[in-house]
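Enquirer: A structural model of the following input is requested.
(4 chains)
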Number of protein chains: 2
Amino acid sequence: MTPSPTDTPARLLSLLSLLQTPREWPGGELADRLGVSRRTVRRDIDRLRDLGYPVQATLGADGGYRLVAGKALPPLVLDDEEAVAIAVGLRAGAGHAVEGVEEASVRALTKLEQVLPSRLRHRVATLQAATIPLTSGDGAMIAPETLTVIASAAAGSERLRFSYRARDTAESRRLVEPHRLVSTGRRWYLVAYDIDRDAWRTFRVDRVSDPFATGARFAPREVPEGDAAEYVRRSVSSWGAGAAYELDVEFEAPAEAVAERIPAAVGVPEPLTEDRCRLRTTSTDPIQWTAVRLAMTGYDFTVRGPEELTTAVRELGARLTNSSPAGD
Amino acid sequence: MTPSPTDTPARLLSLLSLLQTPREWPGGELADRLGVSRRTVRRDIDRLRDLGYPVQATLGADGGYRLVAGKALPPLVLDDEEAVAIAVGLRAGAGHAVEGVEEASVRALTKLEQVLPSRLRHRVATLQAATIPLTSGDGAMIAPETLTVIASAAAGSERLRFSYRARDTAESRRLVEPHRLVSTGRRWYLVAYDIDRDAWRTFRVDRVSDPFATGARFAPREVPEGDAAEYVRRSVSSWGAGAAYELDVEFEAPAEAVAERIPAAVGVPEPLTEDRCRLRTTSTDPIQWTAVRLAMTGYDFTVRGPEELTTAVRELGARLTNSSPAGD
DNA sequence: GCCATCTAGGACAGATCGTGTCCTAGATAC
DNA sequence: GTATCTAGGACACGATCTGTCCTAGATGGC
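Expert: Here you go, the predicted structure:
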């Protein structure tokens, strides 16, 4: 089963992969699977421990080995299905990932897709195509490929070519040196040095199409204001993207019932009467998003503020109400 | 920098980790980083190739090495942030993952969380708590922990104890031998052998609380009808969970506009007039889900069928409409 | 309480493997 | 053409790895 009869590094990887199954492995079974003696297995396990991946052993009869959480994260050995699941999950979240991990999320996706066998690539694409992205109405839909291509080019210092549809103007072709992808709230920006215009620019990624790395390498320059994230923040601060607002909603349901459907980290409803409560909190989510979430709690509610939310809720409600067969 | 001066397996892992950065590495730099000679780097690269992880080399001046997609997926070496991003992404999707990868998704999450350093565990928990899960109104909310604990116990053949809130009865304590987690549509089931009742049972995971593995091992039994998935399907077929229905909706917008907001894999709208079109397709998504998605296209629409969708849309609309400040 | 079964780890001998240093060949960019 | 990279053969020395045999300690079932 093992490729070479006695290739230590390969065997260590196999061992790592076996131990990542969440079960207990008796030394004898590992020895059989790896085609080596029991003693060697013990030595290999010691090696893994030296590398910082703690293997826990249960002593006594029917004991065994098991990989547990340690200081360092061991290399993850995934099977096909798991890899596909992760890729699909990350792509689904690529547009509107949880705040604070957007950039890491794209990095992880880029890393995975770089080495994903092509047969799995097809499965990922198919599965992803079958999901409707839940984007809010402002059309800031970004294909995961766009993000990964840009991230990959930036990480590899390769020049990037793409079409850009600026605010009012027609589409233009750009050739840039991509430096960093930055996510602010729900929007992605690319900080890059525009070669034709000979100047730094920030591009809104949702307006980028058909990006591809030319293959030509470039020497990294220093980003103008020191930090790319800071640079973006200044460049777009006037937009007010992802501005926070105060949410104030009254539910026609007991506080405990509402609390069950809203994570405590988001906010804790205060009871008003026995079967009414009020939720006040701050949010940076798109307003339509919030409207939908409120509706999906399954309870009646009244929006006290902000006004934009009232409007969003009313519009969404009107659209839904009008859609029932007319006259009925 | 390298732990041991000459530990080949460890060096191979480092090399794998370096190569997973999406950039090109000249052999000289790798040699420096790994603390070995250029020749050894070449040999190591050959080793990786033998293991099935193809390393592409660009020839000539400023050439270098780069890991590309091959037949096998190499062990993923993630940094802290990437690991957190994946964990958060998988947990977010744990309840309502993309159809066809739910089980793999939970397996991957279990695998990751098993070895996730505790410092990262906290970050994952914090980040996840800050997101509102978009559950539909029927309260089938499942904590990711519940799924991973069960999956882990089933994989390791460990007995499981939990509280179960059956349909109408009060909560009861159960002790079972968990065999398999099955996901049908948007609902999770556990196929297990109930020790106290001495019989096979399927449990709805959303009614399970506080599960934990007792540590006691059990010898796997044969699942009654051969296949666990099949067994669940029969046990719950009367519920009609995840039943497919025919979707028929008319949009007050040009076909091209609607097509832009709905993936082709879901369905292609047929134009009716210049600015009306019709979308017909089948779906197994929860009906409220579909209602929300339709609303978020941003276009007016009319539901032709099925009737459940009409009802769902009307209810959602009513709830939203009623929530604007009264009298205004 | 005993025995079987597991992990833990030291000692040892022989074969294997890995390493750096040389070398040549081929590809590419300036 | 020249510099710079990958590719890979030859060789020799030394370190490493492996299996066998050993004892010690922990645990669960009988």
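Enquirer: show me where the stretch 151-300 of chain A has its helices.
Expert: Ranges of helices in the stretch 151-300 of chain A, per DSSP state H, counting those that start in this stretch, are A:228-236, A:255-261, A:287-295.
Enquirer: okay, buried residues for the shortest one please.
Expert: In terms of neighbour count (16 or more other CB atoms under 10 Å in any protein chain shown), helix A:255-261 has its buried residues at A:A255, A:V258, A:A259, A:R261. Bear in mind the C-beta positions are built from the backbone N, C-alpha and C, glycine included.
Enquirer: name the helices or strands packed onto that helix?
Expert: When contacts are defined as 3 or more CB pairs under 8 Å, 6 or more residues apart in numbering or on different chains; DSSP states H and E, helix A:255-261 packs onto strand A:276-283.
Enquirer: could you check the angle helix A:287-295 makes with the strand it packs on?
Expert: With axes from the mean of the first three to the mean of the last three CA atoms, to 10 degrees applied, the angle from strand A:276-283 to helix A:287-295 works out at 150 degrees.
Enquirer: for the closest residue to A:S118 other than its chain neighbours, which residues are in contact?
Expert: What sits nearest to A:S118 in space, not counting adjacent residues and going by CB to CB, 6 or more residues apart in numbering or on different chains, is B:A69, at 6.0 Å. Counting by CB atoms under 8 Å, 6 or more residues apart in numbering or on different chains, B:A69 makes contact with A:Q114, A:V115, A:L116, A:P117, A:S118, A:R121, B:P54.
Enquirer: confirm that B:A69 sits in a helix.
Expert: No. Counting by DSSP: H, G, I helix; E, B strand; the rest coil, B:A69 is not part of a helix but coil.
Enquirer: where's A:E270 relative to DNA strand D, distance?
Expert: Counting by CB to the nearest atom of the strand, to the nearest Å, the gap from A:E270 to DNA strand D is 49 Å.
Enquirer: pretty sure that residue sits against A:A255.
Expert: Yes. Between A:E270 and A:A255 there is a contact at 6.6 Å, judged by CB atoms under 8 Å.
Enquirer: now the strands: where do they sit in the stretch 51-200 of chain A?
Expert: Using DSSP state E, counting those that start in this stretch, the strands found in the stretch 51-200 of chain A span residues A:55-58, A:64-67, A:158-165, A:171-184, A:187-194, A:199-204.
Enquirer: out of these, nearest to DNA strand D?
Expert: In terms of CB to the nearest atom of the strand, the element of the strands of the stretch 51-200 of chain A nearest to DNA strand D is strand A:55-58, at 7.2 Å.
Enquirer: partner strands of that closest one, with direction?
Expert: strand A:64-67 (antiparallel) (DSSP bridges).
Enquirer: if we can go back for a sec, and the contacts of B:A69, which of them are in helices?
Expert: A:Q114, A:V115, A:S118, A:R121 (DSSP state H).
Enquirer: quick check, pLDDT for A:A57.
Expert: Listed pLDDT for A:A57 reads 90.
Enquirer: wait, doesn't it sit right on A:G64?
Expert: Yes. Using CB under 8 Å, A:A57 is in contact with A:G64, at 7.2 Å.
Enquirer: between those two, which one's more packed in?
Expert: Using other CB atoms under 10 Å in any protein chain shown as the criterion, A:A57 and A:G64 rank with A:G64 on top: 18 against 14.
Enquirer: and the more buried one, what does it touch?
Expert: Residues near A:G64 by CB under 8 Å, 6+ apart: A:E24, A:W25, A:P26, A:G27, A:A57, A:T58.
Enquirer: check A:R47 too.
Expert: Per CB under 8 Å, 6+ apart, neighbours of A:R47: A:L12, B:P9.
Enquirer: at 10 Å instead, please
Expert: By CB atoms under 10 Å, 6 or more residues apart in numbering or on different chains, the residues touching A:R47 are A:T8, A:L12, A:L15, A:Y53, A:V55, B:D7, B:P9, B:A10.
Enquirer: now do A:S37
Expert: By CB under 10 Å, 6+ apart, A:S37 lies in contact with A:G27, A:A31, A:R43.
Enquirer: now, the most widely separated pair of the ones in helices among the contacts of B:A69?
Expert: Farthest-apart pair in the ones in helices among the contacts of B:A69 is A:Q114 and A:S118; separation 12.1 Å (CB to CB).
Enquirer: what about those two, which has more around it?
Expert: Legend: neighbour count by other CB under 10 Å for A:Q114 and A:S118, higher for A:Q114 (20 against 9).
Enquirer: buried ones among the contacts of A:S37?
Expert: Burial by neighbour count, 16+ other CB under 10 Å: within the contacts of A:S37 this picks out A:G27, A:A31.
Enquirer: including distance to A:F301 and pLDDT, could the contacts of A:S37 go into CSV?
Expert: Below are the contacts of A:S37 laid out as CSV (distance: CB to CB, whole Å; pLDDT from 0 to 100):
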residue, distance to A:F301, pLDDT
A:G27, 59, 89
A:A31, 62, 91
A:R43, 63, 92
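Enquirer: restricted to helices, list the contacts of A:S37.
Expert: Checked against DSSP H, the contacts of A:S37 include these in helices: A:G27, A:A31, A:R43.
Enquirer: from those residues, which single one is nearest DNA strand D?
Expert: Nearest to DNA strand D among the ones in helices among the contacts of A:S37, counting by CB to the nearest atom of the strand, is A:R43 at 5.4 Å.
Enquirer: now do the same contact list for that closest one.
Expert: With the criterion set at CB under 10 Å, 6+ apart, A:R43 makes contact with A:T8, A:V36, A:S37.
Enquirer: over to A:A151?
Expert: So A:A151 contacts A:E103, A:V106, A:R107, A:L109, A:T110, A:K111, A:E113, A:P178, A:R180, A:L181, A:L190, B:P22 (CB under 10 Å, 6+ apart).
Enquirer: one more time with 7 Å
Expert: Residues near A:A151 by CB atoms under 7 Å, 6 or more residues apart in numbering or on different chains: A:V106, A:R107, A:T110, A:L181.
Enquirer: okay, and the beta partners of the last one?
Expert: Each beta-bridge partner of A:L181 is listed here, defined by DSSP bridges: A:L190.
Enquirer: look at it and report its pLDDT.
Expert: Here the pLDDT value assigned to A:L181 is 87.
Enquirer: next one: A:T131
Expert: We have a pLDDT of 63 for A:T131.
Enquirer: cool, and A:G28?
Expert: 89.
Enquirer: go ahead and confirm A:Y245 touches A:T281.
Expert: No. Counting by CB atoms under 7 Å, A:Y245 stays clear of A:T281, with 10.0 Å between them.
Enquirer: got the end-to-end distance for stretch A:33-44?
Expert: Across stretch A:33-44, the terminal residues are separated by 13 Å (CA to CA, to the nearest Å).
Enquirer: ok now stretch A:249-268, how far from the chain's centre?
Expert: Its chain's C-alpha centre and that of stretch A:249-268 lie 26 Å apart, by CA atoms, centre = their mean, to the nearest Å.
Enquirer: tell me the pLDDT of A:V98.
Expert: Confidence score, pLDDT, at A:V98: 61.
Enquirer: also A:I86?
Expert: pLDDT, read off for A:I86, is 93.
Enquirer: can you add distance to B:V208 and give the contacts of A:S37 back as a markdown table?
Expert: Compiled in a markdown table, the contacts of A:S37 are given as follows (distance: CB to CB, whole Å):
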| residue | distance to B:V208 |
| --- | --- |
| A:G27 | 34 |
| A:A31 | 37 |
| A:R43 | 42 |
